[in-house]
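> Pasting a predicted model and its sequence here:
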Protein chains: 2
Amino acid sequence: MTAQLIDGKAIGLKVQEEVRLAVAKMKEEHDYVPGLATVLVGDDPASNTYVGMKQRTCKKLGIRSIGHTLPADATQEEVEKLVSELNADPTVNGILVQLPLPGHLDEEAILNSIDLEKDVDGFHPINIGRLAMKGRDALFAPCTPAGCMRLLEEIGVDPSGKDAVIVGRSNIVGQPMAMLLQKANATVTVCHSRTKDLAGHVRRGDIVVAAIGRMEMITGDMIKPGATVIDVGINQKEDPTRKRGYRLVGDVDFESAKEVAGWITPVPGGVGPMTIAMLMQNTLRAAEIYLAKKS
Amino acid sequence: MTAQLIDGKAIGLKVQEEVRLAVAKMKEEHDYVPGLATVLVGDDPASNTYVGMKQRTCKKLGIRSIGHTLPADATQEEVEKLVSELNADPTVNGILVQLPLPGHLDEEAILNSIDLEKDVDGFHPINIGRLAMKGRDALFAPCTPAGCMRLLEEIGVDPSGKDAVIVGRSNIVGQPMAMLLQKANATVTVCHSRTKDLAGHVRRGDIVVAAIGRMEMITGDMIKPGATVIDVGINQKEDPTRKRGYRLVGDVDFESAKEVAGWITPVPGGVGPMTIAMLMQNTLRAAEIYLAKKS
C-alpha cells in the first residue's frame, strides 16, 4: 500500500468537537441554543435511521433537535404548512426535510419553501443557484460535498489548478461537488453513465471523486499515481465471513486503488462521518446568522 | 479550409422567423401580443446599443417592447419597485434588466425580484439552480448558451457521450453552457485562468466552446481534428485596412482553427445573432406560459 488513508472518522469527530465548543460558547454568551428540526414523511427504514443518527449527534453536541414525522400520505399543503411553521419558529435554526420524499410530493416546491437562512441541507434552489455562480456564495453548501472539501483541506490538498474528475452527477453529491471544486479553482470534469472512456478521464484526475453508486467500479489501473481519491459510495458486498453476510465497500476498488493513489478514503470511515458533521456545522452557522441578524 | 461554417446569421434569422410566425398566430388566436420590458440603469453606451437592438428586433417580430430607463444613481428600491410594477403588469411577459448594473446596486437581489415566469434572460437564481440540477428544468435558459445549443442542433451535432470542453466560467456563458451541455449528456470540462495545460484539455474536446474574452487564444494546434468549435468571444483587433481601424475577432484563432475543426462559427456572424434570437424565443415562451395559466 502506497496511499495514505484519509481518516474521515477522526476528521468528522474533530469537526463535531469544534461545533460542540462553539455551541457551548453560544449558550454561555447569548443564552441561546441552536435548534435543528427534522421532517420525516412516511416511515422508510433507511430515512428513519438517518434521522435518528442526526438527532443523536445533535444531542451529543448540545444542539436542540426537534423531530417531526408526517404520514406517508401527507399532502403537499400539510408538508408546506409544517415547514412554514418551522420557518416562523425562532428556536429552529435549521430545517432538514429528509429526502427522498414520497413520490406524490413536489420536492422542489417543498425545498423552496424552506427559509433560505434555515436551509442547512443546502438544497434550496437559490442556494444551489448561488453555488453554481461565480462571485456568489451559498449560505450553506450541501453536507456531503462540503465534507469532501473539508477532507481535502485537512490533508493539505489545495484543488486550485488541479484536474478534478467527478464520477456521478447526482444533485446531492456530483453536481454540488463540481461547483465547490470549481469555486476552489480546480479544472473540473463531470463523468456519468453516458461518458465514453471513463478510465481515460479518471486517469487524468489529480483529485477523483467517486459518487456513482456502483460497487468498486473505479479500479487501481484507472487512477493516476499519487492522486487523491475520495470515495462517496456505500455498497453492500456479499461476505460470508461477516455475521450479517455482507460488508460495506465504496465505488472505488480500495485494494487496487490504494496501491496507486497518494491519498484515499476508506469505506466505511471516509466520507460517511463527514456528512453528519457538516450538517451540525451548518446548523451552528444558521444559529450564528440568526443571532447576527437579531442584534 | 476543412471546417464547415456554422452560419449563425442564417440560423438566427430562422429562429426569428419561427418566433414572428408564432407571435402572429398568437395575436390571431388569442388577441394577445407578447411584451418585453427592458430596464436600463444609467447610460452606458454599449448597454444602450444592446437594448436598442433588442427593441428593434422585438418590433420586427411583432413583439411589443417597453423601454424603461433609470438614472445611473437609481437606488436599489427604485429599481426593485420598477421590477415589481412590471411583474404585476399583464401586458409584460419578459423583463430584461440590462447587465452590468452600476456597482452600488445588488444585482442578485434585483434579478431575484423578477417574477420567475418573466425571467427571459434566465439569470434568476432559481432558474440557474434548476439548470444546475438533474431532473429539473429551467423555465428559461440564458440566451447565449441556449443559442449555442441551437447551433449544435441545427448542424446535427448531438452532445450526448461527447467530450465538451468549455473555456471560461462566466455566469452569463461558461457556467450555464456547462449545465446545458451536461443536461444533453456530454462529458463536460470547464477550463479557466487557473487551468494547467489548457491546450491538453481543449485537444480532448469533440465540442469546444470558447468564452474567455481573450483574442484568438485558442489556436488550431489545440483543436482535435473534426471537432465542433463554438466561439463566443467578440474582440476588437487592430486592422488599418478597415475604416474604423479594427475588425472583430473571436477567442478562437479562426485562420488556424478552421484548418483542423469539423465545424466552426465565424466571428461575427456565429454566436452573436443567436443571443438576440433566443431572447425573442424566450419572450414568446413567457407569453405562452402566461396564456396557458390564464386559460
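Noted; the coordinates are in hand.
> okay, now residue A:2: neighbour count?
Neighbour count for residue A:2, taken as other C-beta atoms under 10 Å in any protein chain shown: 11. Every residue, glycine included, has its C-beta placed from N, CA and C.
> any idea which element the closest residue to it other than its chain neighbours lies in?
Spatial nearest neighbour of residue A:2, excluding adjacent residues (C-beta to C-beta, 6 or more residues apart in numbering or on different chains): residue A:259 at 6.0 Å. According to DSSP states H and E, residue A:259 maps onto no helix or strand at all.
> hang on, residue A:248 in a strand?
Yes - according to DSSP: H, G, I helix; E, B strand; the rest coil, residue A:248 belongs to a strand.
> That one and residue A:57, how far apart?
19 Å (C-beta to C-beta, to the nearest Å).
> who has more neighbours, these two?
residue A:57 (21 against 16).
> Is it correct that that one is in contact with residue A:278?
No - taking contacts as C-beta atoms under 8 Å, residue A:57 lies outside contact range of residue A:278: 11.1 Å.
> Tell me how many other residues crowd residue A:234.
Neighbours around residue A:234, by other C-beta under 10 Å: 16.
> Now do the same contact list for it.
Going by C-beta atoms under 8 Å, 6 or more residues apart in numbering or on different chains, residue A:234 touches A:248, A:250, A:267-268, A:272.
> Then residue A:60?
So residue A:60 contacts A:16, A:20 (C-beta under 8 Å, 6+ apart).
> now it, what's its secondary structure?
helix.
> Just the local confidence number for it, please.
pLDDT for residue A:60: 98.
> Give me the contacts around stretch A:280-293.
A:15-16, A:18-19, A:22-23, A:26, A:30, A:32-36, A:57-58, A:61, A:63, A:90, A:93-94, A:117-118, A:120-122, A:139-141, A:143, A:146.
> what about 7 Å?
The contact list for stretch A:280-293, computed with C-beta atoms under 7 Å, 6 or more residues apart in numbering or on different chains, reads A:15-16, A:19, A:22-23, A:26, A:30, A:32, A:34, A:36, A:57, A:61, A:63, A:93-94, A:117-118, A:120, A:140, A:143.
> Stretch A:24-42 now?
A:23, A:47-48, A:51, A:54-55, A:58, A:62-70, A:72, A:74, A:79, A:82-83, A:86, A:91-98, A:101-102, A:105, A:120, A:283-284, A:287, A:291.
> Filter these down to the buried ones.
Buried members of the contacts of stretch A:24-42, scored by 16 or more other C-beta atoms under 10 Å in any protein chain shown, are A:23, A:47, A:51, A:54-55, A:58, A:62-66, A:68, A:70, A:74, A:79, A:82-83, A:86, A:92-98, A:101, A:105, A:120, A:283-284, A:287.
> what about the residue lying closest to residue A:91 once chain neighbours are set aside, neighbour count?
Spatially, and ignoring its direct neighbours in sequence, residue A:91 is nearest to residue A:35 (4.9 Å; C-beta to C-beta, 6+ apart). Residues near residue A:35, counting by other C-beta under 10 Å, number 23.
> Tell me the residues of the stretch 1-150 of chain A that contact chain B?
A:108, A:125-126, A:128-130, A:132-134, A:136 (C-beta under 7 Å from any C-beta of the partner chain).
> Buried subset of the residues you listed as a PyMOL selection?
Entered in PyMOL, the line below selects the buried ones among these, by 16+ other C-beta under 10 Å:
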select buried, chain A and resi 108+125+126+128+129+130+132+133+136
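> Helix, strand, or coil at residue A:237?
strand.
> Quick check, it in contact with residue A:249.
Yes - using C-beta atoms under 7 Å, residue A:237 makes contact with residue A:249 at a distance of 4.5 Å.
> which neighbours do the two share?
With C-beta under 7 Å, 6+ apart as the test, residue A:237 and residue A:249 both reach residue A:215.
> More neighbours: which of the two?
Shown here are residue A:237 and residue A:249; by other C-beta under 10 Å, residue A:249 has more neighbours (21 against 12).
> circling back to that earlier point, drop the exposed ones from the contacts of stretch A:280-293 and show what's left.
Counted by 16+ other C-beta under 10 Å, these give A:15-16, A:19, A:22-23, A:26, A:32, A:34, A:36, A:57, A:61, A:63, A:93-94, A:117-118, A:120, A:140, A:143 as buried.
> now the strands for chain A?
A:4-5, A:35-41, A:64-70, A:94-97, A:163-167, A:187-191, A:207-210, A:228-231, A:235-238, A:246-249, A:263-264 (DSSP state E).
> Tell me if the fifth one is near chain B.
So that's strand A:163-167. No - using C-beta under 7 Å from any C-beta, strand A:163-167 never reaches chain B; the gap is at least 7.6 Å.
> by how many degrees do that strand and strand A:187-191 diverge?
Orientation of strand A:163-167 against strand A:187-191 (axes from the mean of the first three to the mean of the last three C-alpha atoms, to 10 degrees) gives an angle of 20 degrees.
> Which residues does strand A:163-167 contact?
By C-beta under 7 Å, 6+ apart, the list of residues contacting strand A:163-167 reads A:174, A:177-178, A:181, A:186-191, A:198, A:201-202, A:204-212, A:218.
> filter these by proximity to chain B?
A:187-191, A:201.
> separation between the residue most central in space within chain A and residue A:123?
Centroid check for chain A by C-alpha atoms, centre = their mean gives residue A:144 as the closest residue, at 1.5 Å. Distance, residue A:144 to residue A:123, by C-beta to C-beta: 11 Å.
> outside of the helix or strand bottoming out on mean pLDDT in chain A, which residues touch it?
Sorting the helices and strands of chain A by mean pLDDT, DSSP states H and E puts helix A:125-131 at the bottom, at a mean of 90. Applying C-beta under 7 Å, 6+ apart, the contact partners of helix A:125-131 are A:108, A:111-112, A:116, A:119, A:136-141, A:176, A:179, B:125-126, B:128-130, B:132-133.
> what about the closest residue to residue A:174 other than its chain neighbours, distance to chain B?
Spatial nearest neighbour of residue A:174, excluding adjacent residues (C-beta to C-beta, 6+ apart): residue A:168 at 4.1 Å. Per C-beta to the nearest C-beta, to the nearest Å, residue A:168 is found 10 Å from chain B.
> Could you do residue A:94 as well?
19 Å.
> In the beta-sheet assignment, what are the partners of that residue?
residue A:36 (DSSP bridges).
> Can you give me the pLDDT of residue A:205?
98.
> Phi first, then psi, for it.
Main-chain torsions, residue A:205, degrees, to the nearest 10: phi -80, psi 120.
> just to revisit the earlier point, export the ones next to chain B among the contacts of strand A:163-167 to TSV and tack on pLDDT and neighbour count?
Converted to TSV, those look like this (pLDDT from 0 to 100; neighbours: other C-beta atoms under 10 Å in any protein chain shown):
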residue	pLDDT	neighbour count
A:187	98	27
A:188	98	30
A:189	98	26
A:190	98	26
A:191	98	26
A:201	98	23
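> Which pair of these spans the longest distance?
Using C-beta to C-beta, these span at most 13.7 Å, a distance reached by A:187 and A:191.
> Just put the ones next to chain B among the contacts of strand A:163-167 in a markdown table and tack on distance to residue B:263.
Formatted as a markdown table, these follow (distance: C-beta to C-beta, whole Å):
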| residue | distance to residue B:263 |
| --- | --- |
| A:187 | 25 |
| A:188 | 25 |
| A:189 | 22 |
| A:190 | 24 |
| A:191 | 24 |
| A:201 | 23 |
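> Tell me the one among these nearest to residue A:227.
residue A:201 (12.3 Å).
> So which bits of stretch A:143-163 are buried?
A:143-152, A:154-155, A:157, A:159, A:161-163.
> Please name the bridge partners of the nearest residue to residue A:204 once chain neighbours are set aside.
Spatial nearest neighbour of residue A:204, chain neighbours left out: residue A:163 (5.2 Å); criterion: C-beta to C-beta, 6+ apart. Listed by DSSP bridges, the beta-bridge partners for residue A:163 are residue A:187.
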